[in-house]
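# When you get a sec, could you give me coordinates for this:
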Amino acid sequence: MKRTLCFFIWSICFLTFACKKVDEYITQLDESPSIQLEQMSFWDFPKSGDITRVYYPSKVTPGESVTLAGRNISSSGTRIFLGDYELSFSLVGIDTVSDYTSRYEIAVEVIRFSVPYDIDAGLKALSVRKPSGELFNFPEIDVVSIAQVEGTDTLLRVSSVFDDIIPDFEMRYAQQTSSRYITASSVTGDGTIYIQTKLDVYRLKEGVLRTVIRSGELIYINGKALQIREILGFHAARDGGEFYLSVDAVDSNQSDYDGCWLLLKGSTSSFPLNFSPLNITYYRNSGSAQLAALPSSNALNGAAELQAIRATYLSEDLNGNLYFIRQTRTSAYDAYQPEIARLGSSGEMTTILAARNGLEYCDVFLGYAPDGNSCYFTHERQNSYPYSSGLTYYDLAWEIPLAMAPSRTEFQQVSFASVPSLGFTSPFKIFNRVLPLYSETYYYGKFMVMPSGELLMVDDRSLLAVNADIRSIYVYAGRERSLSSQRNETGSALDVNFYDVQLLGIDDQHNLYFAREGGYRQGVPLPFRVFKLSR
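Got it, this is the predicted structure:
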């Protein structure tokens, strides 16, 4: 009797502890980053040589179509089980995935099956039985009932936002595809997309692409006509009401100067747009391309007087402060020596992080958070090799780094659905795989800061995200769950290729927008397309 009572008490304690651990784990999952794309993991069979690096989903719902990829998993006689259910599957193709440890591509077979509608919710063992009788067990997959997820699922939806043909746009686009066409973009809370190129600024709303500003147009500042030569920067406020514009222009009335940089503010409520000037800086290209002596008309707004401003990568925080990358010379070398600056509502300009030798400074700028209060950039230390020596997550309001990681960091790679303590690990050097160190024009659109602080990146076949403390890499879905086709989609969504993807921004519903631009097929430039990633 006493032994039975002790066993009963021990059982209650064990179950209480187990439930607490499960509850803690669920809580940790609920605290995962704010936009949840496809939850994807892989499992290694290092002693097998038969099935290796099999990709599998961590959560599924009844009726969901599931894709697996691995080596030699679909040979005749292979049987696949989910719990007690034997699954009917089909081979849908052959693909390749990266072997992160050996850094080469390996061929995998891609199979697909449907989760039975009558399967019970809960953890189910996924297993593959080969004709030889050899059995491979995966980590358990969580079957989540439709009622549990209240009608939502974990599938990543790719939908086309823009696939129209506009001859004038296509002509200007085709002229620029040898380099990155999109130089900046911003997405408002309602999903309106503003796309900046060197030539123009476009607005994409409800599937309609409209030209907002064109190079070559005249704009009137204080009664003077200035001709836009190049678009340097554009940013639309989150509420869609105001915008900031930075251009390189020609002033025919100033024969002593080769051009001027304009920083303007305006409202998007009317077309044509109305501008109010914040700053104008005249320059000469002669000599070392340093700024010439500035005319008295240079300062147009209070304390910004006599401040030379060539502004790119514009952003606004929630307090109305404008952040931008400031360059003080006309040479292209400035692209690698930027300064992060802030223009306050009363016109005062503050240099947040100056280009300087010695300590860490901003080398290549990667992007702002949607609220404008933080950003990511690569930093360089004492101009020593390697050229880019680290990654910094920076608080713009407090002017301090929130996290830093040297370029030699081997990030721990974890599945997006898991927490780092429960995920798998694999060395991953972001500067070897994702950051090309010598092509500044490559960077824009390959990185985007998420609302929760992760840095989202495009890595050819997939989307990755560095968590906010710059310690781990989360693996998001790529095409067909990290594979190289979008076979479950139709129409133009079939053409999504992450190698040519430019991330555009994220709206208040956490829909992620990206464009496919650049690249050729049979010598013909691929048409410009915009897509939306959503739950």
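# Which residue ranges make up each domain of the chain?
Segmentation of the chain into domains, based on automatic domain parsing, reads 40-143, 215-355.
# and the last one, what's its mean pLDDT?
The one in question is domain 215-355. Taken as a whole, domain 215-355 has an average pLDDT of 74.
# try the first one
Mean pLDDT, domain 40-143: 64.
# now do stretch 162-172
Stretch 162-172 carries an average pLDDT of 70.
# From start to finish, how long is it in a straight line?
Stretch 162-172 has an end-to-end distance of 17 Å (CA to CA, to the nearest Å).
# what is the nearest residue to Ile193 once chain neighbours are set aside paired to in the beta sheet?
Nearest residue to Ile193, sequence neighbours excluded (CB to CB, 6 or more residues apart in numbering): Leu204, at 4.2 Å. Yep, even glycine has a C-beta here, placed from its N, CA and C like the rest. Using DSSP bridges, the bridge partners assigned to Leu204 are Ile193, Leu209.
# can you tell me which residues contact Leu204?
When contacts are counted by CB atoms under 8 Å, 6 or more residues apart in numbering, Leu204 is found next to 161-162, 192-195, 210, 530.
# Can you select the buried ones from those residues in PyMOL?
To isolate the buried ones among the contacts of Leu204 in PyMOL, judged by 16 or more other CB atoms under 10 Å, type:
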select buried, resi 161+162+192+193+194+195+530
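# Out of the contacts of Leu204, flag the one nearest to Thr378.
Ile195 (24.4 Å; CB to CB).
# What residues does the closest one make contact with?
Ile195 neighbours (CB under 8 Å, 6+ apart): 182, 185, 201-204, 504, 515.
# let's see 7 Å
For Ile195, the contact set (CB atoms under 7 Å, 6 or more residues apart in numbering) comprises 182, 185, 202, 204, 504.
# Roughly how far does the second one sit from Val161?
Which is Ser185. 13 Å (CB to CB, to the nearest Å).
# got it, and the last one?
For Leu504, the distance to Val161 equals 9 Å [CB to CB].
# same check, this time on Tyr202
When Tyr202 is compared with Val161 (using CB to CB), they lie 13 Å apart.
# tell me, which strand in the chain spans the most residues?
Scanning the chain for the longest strand, with DSSP state E as the assignment, gives strand 224-236.
# CA atoms of that strand as CSV?
Only the C-alpha atoms of strand 224-236 are listed here, as CSV (Å, rounded to 0.1, in the frame of the first residue of the first chain):
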residue,chain,number,x,y,z
LYS,A,224,13.0,78.3,-59.7
ALA,A,225,12.8,75.4,-62.1
LEU,A,226,15.2,72.5,-61.4
GLN,A,227,15.5,69.5,-63.6
ILE,A,228,15.8,66.1,-61.9
ARG,A,229,18.9,64.2,-63.1
GLU,A,230,18.7,61.2,-60.7
ILE,A,231,16.5,59.9,-57.9
LEU,A,232,18.8,59.5,-54.8
GLY,A,233,16.2,58.5,-52.2
PHE,A,234,12.4,58.2,-51.5
HIS,A,235,10.5,57.2,-48.4
ALA,A,236,6.8,57.2,-47.8
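# Mind listing what's buried along that strand?
Those buried within strand 224-236 under the rule 16+ other CB under 10 Å are 226, 228, 231-236.
# ok, now stretch 114-132?
Quick answer for stretch 114-132 (16+ other CB under 10 Å): 115-116, 119, 124, 126, 128-130.
# Take the residues you listed and keep only those in strands.
Short answer: the buried residues of stretch 114-132 in strands (DSSP E) are 124, 126, 128-129.
# how about the residues you listed, which pair is most distant?
Lys124 and Arg129 (15.3 Å).
# closest to Gly390 among the ones in strands among the buried residues of stretch 114-132?
For these, the nearest to Gly390 is Leu126 (39.7 Å; CB to CB).
# so what's that closest one bridging to?
Under the criterion used (DSSP bridges), Leu126 bridges to Leu82.
# thinking again about what came up before, could you dump the buried residues of stretch 114-132 to a markdown table with distance to Phe243?
A markdown table is the format used below for those (distance: CB to CB, whole Å):
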| residue | distance to Phe243 |
| --- | --- |
| Val115 | 47 |
| Pro116 | 52 |
| Ile119 | 51 |
| Lys124 | 51 |
| Leu126 | 50 |
| Val128 | 55 |
| Arg129 | 60 |
| Lys130 | 60 |
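# Closest to Ala468 out of the residues you listed?
Leu126 (31.7 Å).
# Output the contacting helices and strands for whichever helix or strand comes after the longest strand of the chain.
Next along the chain after strand 224-236, taking DSSP states H and E as the criterion, comes strand 242-250. For strand 242-250, the contact count by 3 or more CB pairs under 7 Å, 6 or more residues apart in numbering; DSSP states H and E identifies strand 224-236, strand 259-267, strand 310-316 as packing neighbours.
# Could I get these in TSV, plus columns for distance to Tyr85?
Output for the helices and strands packed on strand 242-250, formatted as TSV (distance: least, CB to CB, whole Å):
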stretch	distance to Tyr85
strand 224-236	50
strand 259-267	59
strand 310-316	51
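# ok so, going back, please identify the pairing partners of the longest strand of the chain and their relative orientation?
Strand 224-236 has these strand partners (DSSP bridges): strand 218-221 (antiparallel), strand 242-250 (antiparallel).
# residues near the closest residue to Glu242 other than its chain neighbours, how many?
Excluding the flanking residues, the one nearest Glu242 by CB to CB, 6+ apart is Ser267, at 5.9 Å. Using other CB atoms under 10 Å, Ser267 has 14 neighbouring residues.
# residue contacts, Ser267?
241-242, 274.
# do that again at 10 Å, thanks
Shown in contact with Ser267 (CB atoms under 10 Å, 6 or more residues apart in numbering): 237, 240-243, 273-276.
# Nearest to Val66 among these?
Lowest distance from Val66 to the contacts of Ser267 (CB to CB) belongs to Gly240, with 39.1 Å.
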